[in-house]
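S.K.: Give me a model of this one.
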Amino acid sequence: MPSNLSPNTTKLEHGHHDHDRHADDEHAQEHHHETSSAEYVRLGLMALIIIASLSGWWRHFMSRDWLAFVATLVGGFPIFEEALENLRKRRMTMELSMTLALIAALCIGQFLTALVIAFFVLFAELVEGYTVGGGRRAIQNLIDALPRQVRVRRAGQERELGTNEVAAGETIIIRPGERIPADGVVSKGHSFVDQSSITGESLPIEKVEQSKVFAGTINKDGVLEVIVEKIGRDTTFGKIIEIVEQAEKSRAPVQGIADRLAAGLVYFAFGAAVITLIVTRNITSTISVIIVAGACGVAAGTPLAILAGIGNAARRGIITKGGLYLEQLSRIDTVVLDKTGTLTLGIPEVTAVRGLDDSTENDVLQTAAIAEQHSEHPLGEAIVRRARERNLPLREYSQLRYSPGKGIVVEESGTRIMVGTRALFEEHGVPVPTNALSEGSDHSGAGETLVLVGRDRRVLGTVTLADQLRAEAKEAVNNLKTQGYRVILLTGDSSDTAKTIGRELGVDESSGNLLPEQKVAKIRELLRAGRKVAMVGDGVNDAPALAEATVGIAMGQGTDVALETADVTLMTSDLSRLVEVLAISKRCYRVIMFNFWGTITVDAVGIVLAFFGMLAPIIAALIHVGSELAFILNSARLFRQQSST
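M.R.: Got it, this is the predicted structure:
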């Protein structure tokens with residue numbers, strides 16, 4: 001029986017994951033049964049006629065149970081209609097085999113049997129449609145969660161307006177208990193906000209002036225005044241809805257296998273029926289073979305399991321862009337981790353400033369801060385922050401050249417300032433004194449980074465910065481290793497820093513001094529060795545490596561870049577979410593494989609029993625429907641299953 005999920009194949013274009021799935025497009029155009037009151041009425045009437053037929057009342061008025069005959073034709077019309085449509089498209093489906101079984105039962109006078117079979121088949125489809133509809137309703141609930149009205153301050157007065165009337169830059173007022181309608185920045189007020197719809201965090205997050213807030217989250221306590229930055233589909237919440245909608249329509253490769261198995265079972269059922277008829281010459285056994293071999297819970301359960309896995313992850317603040325990536329996650333054996341912003345908080349602090357020769361600490365810090373004053377790199381921001389704490393004036397520069405993984409060069413007051421690694425200085429022909437590196441290493445500890453600062457052809461000194469490891473990083477790495485993953489640390493920081501942090505976390509391998517292209521080369525090396533690689537980064541500097549890996553996972557904190565860059569986005573920077581999404585993918589794949597082999601087993605055993613005349617058509621129908629419902633419900637439990645590692 002085809003799934004009611006009926007996803008239209010969507011081609012997700014992303015880096016090297018741009019897979020051509022047009023071959024499955026036609027097969028994906030499944031007929032979609034919309035659950036309506038008419039279906040409930042139809043099944044109710046069919047049930048009443050079954051009960052009446054079992055009582056035998058018709059024997060006083062007619063020689064045959066013509067009421068059951070008519071009820072089969074009228075009630076089973078959806079089955080016949082879909083079978084005819086599939087026949088026109090030259091597609092072998094379970095509806096076609098069921099139609100033949102029903103016609104055969106009617107031809108040999110088993111009207112009640114035919115009616116019961118039709119009832120069970122339609123009942124299974126109804127349950128399937130309701131279960132899959134739960135996934136669609138969850139998406140609709142997300143859409144409906146955004147408020148339709150918003151309180152806006154205009155010309156000094158508050159007024160109620162429709163959300164679509166609000167523009168970026170306006171100030172909106174959010175009272176306690178209200179859902180925030182837009183992305184923005186708090187301009188006034190103090191409160192705690194429930195961000196579980198975005199990040200999956202269970203505890204409310206404190207919001208003060210200049211804090212970012214997201215649409216779809218709930219203000220718990222105080223009144224907040226928020227300057228609107230994005231509204232509607234442009235918000236992070238809107239992008240999440242869009243991604244989940246697209247993910248629901250996407251098809252995983254395993255779903256194509258399930259569809260082909262369903263079609264293959266139809267041919268197998270017909271073949272088994274022909275053999276049964278030739279050998280036994282028993283039409284009843286032949287009908288039973290067709291009915292019982294029509295059980296194909298994997299075709300219905302597979303898309304449901306994928307939808308459930310995507311939905312389960314989304315509730316935890318893990319956004320998966322489709323079943324393709326959920327399936328690929330289940331096969332991952334190697335996890336590659338970036339350091340800054342992934343294993344560490346990404347908020348480094350200056351721990352030491354050293355001047356060489358006659359350069360003072362302030363000279364070194366001020367020179368570095370002039371070059372870094374417009375930088376968005378965490379190390380640059382930390383240097384500028386410390387310079388401003390010391391009230392050092394920062395003059396503007398005229399030119400800037402950025403070398404990824406090495407540093408920056410600017411022109412200021414007719415001189416050239418360089419801030420970065422030894423490789424940057426050597427590239428520009430500036431000799432680096434050995435005492436600069438040796439003195440710096442004396443003051444660098446675990447997780448610290450040394451930055452060289454120079455002007456023209458002279459090294460002025462060094463700035464040492466340190467970043468703190470995330471509290472959950474060690475536990476997350478340990479959980480990954482316990483589950484059998486190989487864990488690798490790649491970073492642009494020094495090799496000593498990489499090795500120190502690697503030892504502290506217990507990773508299998510760590511490499512430092514890597515430029516972005518060298519990270520990509522490392523990923524390619526692992527892929528060539530046959531590894532299935534998940535790359536975890538911040539979604540900004542690691543974009544090339546994220547795209548190259550089997551699955552790219554961004555630690556997003558709700559950023560647009562993370563949502564657009566990666567195959568999977570962790571909306572919070574809690575590394576335990578990484579362990580959870582890998583566990584969800586494996587559970588999803590286990591359920592699909594159970595349904596796969598379960599379907600084959602049920603059909604094989606049922607055909608043998610029917611061949612030897614041990615299954616009446618009604619019992620065969622019960623097995624057909626019972627097994628399908630069991631596999632559907634097995635997939636549906638993923639909607640409710642709690643995460644476990």
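
S.K.: Before we go further, Thr599 is sitting in a strand, right?
M.R.: No - per DSSP: H, G, I helix; E, B strand; the rest coil, Thr599 lies outside any strand segment and is helix.

S.K.: Skip the chain neighbours and tell me the closest residue to it.
M.R.: Spatial nearest neighbour of Thr599, excluding adjacent residues (Cβ to Cβ, 6 or more residues apart in numbering): Val298 at 4.4 Å. No exception for glycine: its C-beta is placed from N, CA and C like everyone else's.

S.K.: Look up how far Leu394 lies from Glu411.
M.R.: Going from Glu411 to Leu394 by Cβ to Cβ, to the nearest Å gives 15 Å.

S.K.: ok, now Leu570?
M.R.: 35 Å.

S.K.: who has more neighbours, the two?
M.R.: Leu570 (29 against 16; other Cβ atoms under 10 Å).

S.K.: secondary structure element for the residue lying closest to the more buried one once chain neighbours are set aside?
M.R.: Leaving aside its sequence neighbours, Leu570 sits nearest to Arg577 (Cβ to Cβ, 6+ apart; 4.5 Å). Assessed by DSSP states H and E, Arg577 sits inside helix 576-611.

S.K.: before we move on, what about Glu517?
M.R.: Under the assignment here (DSSP H and E), Glu517 is part of helix 516-528.

S.K.: got the CA coordinates for that helix in PDB?
M.R.: Output in PDB follows, covering the C-alpha atoms of helix 516-528 (Å, rounded to 0.1, in the frame of the first residue of the first chain):
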ATOM      1  CA  PRO A 516      40.500  26.400   5.400                       C
ATOM      2  CA  GLU A 517      41.700  24.600   2.300                       C
ATOM      3  CA  GLN A 518      43.900  22.300   4.400                       C
ATOM      4  CA  LYS A 519      40.800  21.300   6.400                       C
ATOM      5  CA  VAL A 520      39.000  20.500   3.200                       C
ATOM      6  CA  ALA A 521      42.000  18.400   2.100                       C
ATOM      7  CA  LYS A 522      41.900  16.500   5.400                       C
ATOM      8  CA  ILE A 523      38.100  15.800   4.900                       C
ATOM      9  CA  ARG A 524      38.800  14.600   1.300                       C
ATOM     10  CA  GLU A 525      41.600  12.300   2.600                       C
ATOM     11  CA  LEU A 526      39.200  10.700   5.100                       C
ATOM     12  CA  LEU A 527      36.500  10.300   2.400                       C
ATOM     13  CA  ARG A 528      39.100   8.600   0.100                       C
END
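
S.K.: Any chance you could list what contacts the helix or strand just after it?
M.R.: Sequence-wise, the next helix or strand downstream of helix 516-528 (DSSP H and E) is strand 533-537. Applying Cβ atoms under 8 Å, 6 or more residues apart in numbering, the contact partners of strand 533-537 are 329, 332, 334-338, 341-342, 523, 526-527, 542-543, 545-546, 548-555, 578, 582.

S.K.: next helix or strand past strand 533-537?
M.R.: Heading C-terminal from strand 533-537 (DSSP H and E), you reach helix 543-548.

S.K.: mean confidence score for that following helix?
M.R.: In this model, helix 543-548 has an average pLDDT of 84.

S.K.: For the nearest residue to Asp542 once chain neighbours are set aside, which residues are in contact?
M.R.: Nearest-residue entry for Asp542: Asp338, 5.2 Å, with adjacent residues in sequence omitted and distances by Cβ to Cβ, 6+ apart. By Cβ under 8 Å, 6+ apart, the contact set of Asp338 is Leu490, Thr491, Lys519, Met535, Val536, Gly537, Asp538, Asn541, Asp542, Ala545.

S.K.: Go through the residues you listed and name the one nearest Leu54.
M.R.: Lowest distance from Leu54 to these (Cβ to Cβ) belongs to Val536, with 61.0 Å.

S.K.: Angles on the backbone of the residue nearest to that closest one when sequence neighbours are not counted, please.
M.R.: Among residues not flanking Val536 along the chain, Ile553 sits closest, at 4.6 Å (Cβ to Cβ, 6+ apart). The phi/psi pair for Ile553 (degrees, to the nearest 10) reads phi -120, psi 120.

S.K.: Hmm, Ile553 is touching Ser573, no?
M.R.: No - Ile553 is beyond contact range of Ser573, at 11.8 Å (criterion: Cβ atoms under 8 Å).

S.K.: Between these two, which is the more surrounded one?
M.R.: More neighbours surround Ile553 than the other of Ile553 and Ser573, with 32 against 19 (other Cβ under 10 Å).

S.K.: circling back to that earlier point, secondary structure element holding the residue nearest to Thr599?
M.R.: Val298 belongs to helix 297-315 when elements are defined using DSSP H and E.

S.K.: Which other helices and strands does that helix contact?
M.R.: Helix 297-315 is packed against helix 111-145, helix 236-249, helix 253-280, strand 318-320, helix 323-330, helix 576-611, helix 617-636, with contacts defined by 3 or more Cβ pairs under 8 Å, 6 or more residues apart in numbering; DSSP states H and E.

S.K.: Mind exporting the C-alpha coordinates of the fifth one to PDB?
M.R.: Put plainly, it is helix 323-330. Output of helix 323-330 as PDB, limited to C-alpha atoms (Å, rounded to 0.1, in the frame of the first residue of the first chain):
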ATOM      1  CA  GLY A 323      15.700  12.600   4.800                       C
ATOM      2  CA  LEU A 324      18.800  12.300   2.700                       C
ATOM      3  CA  TYR A 325      21.000  13.800   5.400                       C
ATOM      4  CA  LEU A 326      19.100  11.900   8.200                       C
ATOM      5  CA  GLU A 327      20.000   8.700   6.400                       C
ATOM      6  CA  GLN A 328      23.600   9.700   5.800                       C
ATOM      7  CA  LEU A 329      24.000  10.600   9.500                       C
ATOM      8  CA  SER A 330      23.000   7.100  10.500                       C
END
